[in-house]
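J.: I would like the atomic coordinates for the input below:
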Amino acid sequence: MRIRINFTIDLDLEEYREQTAADMSKDELRREIQEAASSDVILELHNLGVRSARLLGSNNVYDRRTRTTRSEQLVRKP
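T.: The predicted model follows:
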């Protein structure tokens with residue numbers, strides 16, 4: 001079974017920088033939070049004893065070079 005998780009978090013970048021002492025760009029912060037969220041979900045499933053749970057990939061990562069998201073790149077491949 002595959003489950004796609006999609007959600008949006010609103011936060012103040014400056015507040016995040018102040019509270020964490022991290023000097024990150026918006027893209028770096030976005031990537032870090034997405035990875036933390038997916039890791040937490042997998043870890044929780046493993047804690048429940050579901051050892052087969054694994055991350056298949058992240059589909060909403062924006063690529064500045066191609067100006068598309070990862071899912072758009074997958075769809076456009078021949």
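J.: and the longest helix along the chain, what other elements does it pack with?
T.: Using DSSP state H, we find that the single longest helix of the chain is helix 26-47. Secondary-structure packing of helix 26-47 (3 or more CB pairs under 8 Å, 6 or more residues apart in numbering; DSSP states H and E): helix 13-20. Heads up, the C-betas are built off the backbone N, CA and C, glycines and all.
J.: so what does the helix it packs on touch, helix or strand wise?
T.: helix 26-47.
J.: got the buried residues for the helix it packs on?
T.: Within helix 26-47, the residues that count as buried by 16 or more other CB atoms under 10 Å are 29-30.
J.: could you check the angle it makes with helix 13-20?
T.: 60 degrees (axes from the mean of the first three to the mean of the last three CA atoms, to 10 degrees).
J.: pLDDT of the longest helix of the chain, averaged?
T.: For helix 26-47, the mean pLDDT works out to 89.
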